[in-house]
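>>> quick check, what structure comes out for this input:
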Amino acid sequence: MHFAPEDLISLKLQRIAAYYATADLLRSNHDLRLDMSDMRQVENASYDAVIALDVLEHVPDYRRALREVHRVLCPTGWGIFTVPQKDGLTATYEDSSVATSKDREEHFGQWDHLRIFGDDFPIILQAAGFTVTSVDASWFSRGLVERHVLSPPLISTHSLATNHRRVFFCQKA
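The predicted structure follows:
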């Protein structure tokens, strides 16, 4: 199951997956119209993988969403996540009083974000029942990093920049 699927990734996965379903809460042009934090219509242990790239910052109850992902994964299933993470931010920052689009952009980096994640994201994933492997540009050769822009050629000085992107591969524990 792939939440808010990116076209290029979706096309590649459709070709190799035995079964591939797209899901989104707001857009109806997907296989499933689904609230990630309340997937009661999805049976326990029904997916081998759930992918959510830059989705959790939009979900009001992201901890519940992670528990739901854990529930719908098969016993050895994988969650694959990316989130915006402010460089050097120790703990995830969220504040429900930040409600306007302008204030959200100022506090979280984008008008529709509800938080910006910190270095505690792997701990949050572990608390949801996952064994976590964090992959960043250091896992690859310099040539691959440069060719695929896995690390920014120029470091952003914006206070909310995510200069050091990571992909979190999370196996159901």
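>>> all contacts plus neighbour counts: C-alpha atoms, from now on.
Fine.
>>> contacts for stretch 62-82, please.
36-39, 42-56, 59, 124-125, 128-130, 165-173 (Cα atoms under 8 Å, 6 or more residues apart in numbering).
>>> report the buried members of these.
36-37, 39, 44, 47-53, 55-56, 59, 124-125, 128-130, 165-166, 168-172 (16 or more other Cα atoms under 10 Å).
>>> next SSE downstream of the lowest-mean-pLDDT helix or strand in the chain?
Least confident element among the helices and strands of the chain, by mean pLDDT, DSSP states H and E: helix 142-147 (a mean of 91). For helix 142-147, the succeeding helix or strand toward the C-terminus, using DSSP states H and E, is strand 167-172.
>>> just checking, what packs against that next one?
Using 3 or more Cα pairs under 8 Å, 6 or more residues apart in numbering; DSSP states H and E, the elements in contact with strand 167-172 are strand 73-82, strand 130-135.
>>> which of those strands is buried the deepest?
Across these, the average number of neighbours (mean count of other Cα atoms under 10 Å) peaks for strand 73-82, which reaches a mean of 19.
>>> name every strand pairing with that strand and say which way it goes.
strand 47-53 (parallel), strand 167-172 (antiparallel) (DSSP bridges).
>>> neighbouring contacts of the first one?
In this case it means strand 47-53. For strand 47-53, the surrounding residues in contact (Cα under 8 Å, 6+ apart) are 1-5, 69, 72-74, 76-83.
>>> now swap in stretch 5-13 and tell me
With Cα under 8 Å, 6+ apart, stretch 5-13 has contacts from 2, 20, 22, 23, 52, 53.
>>> check contacts around the residue of the chain most remote from its centre.
Seen from the C-alpha centroid of the chain, the residue lying at the greatest distance (Cα atoms, centre = their mean) is residue 143, 25.9 Å away. Counting by Cα under 8 Å, 6+ apart, residue 143 makes contact with nothing.
>>> residue 94 now?
Contacts for residue 94 (Cα under 8 Å, 6+ apart) come out as 108, 114, 115, 116.
>>> and residue 25, by the same measure?
The neighbours of residue 25, taking Cα under 8 Å, 6+ apart as the test, are 33, 34, 35, 36.
>>> could you redo the last one with a cut-off of 10 Å?
Applying Cα atoms under 10 Å, 6 or more residues apart in numbering, we find residue 25 in contact with 3, 4, 32, 33, 34, 35, 36, 59.
>>> distance of residue 172 from residue 73?
7 Å (Cα to Cα, to the nearest Å).
>>> let me know the pLDDT of residue 26.
Note for residue 26: predicted pLDDT of 89.
>>> sorry, that was for residue 89
95.
>>> apart from its neighbours in sequence, what residue is nearest it?
In this structure, residue 89 finds its nearest non-sequential neighbour in residue 118, 4.7 Å apart by Cα to Cα, 6 or more residues apart in numbering.
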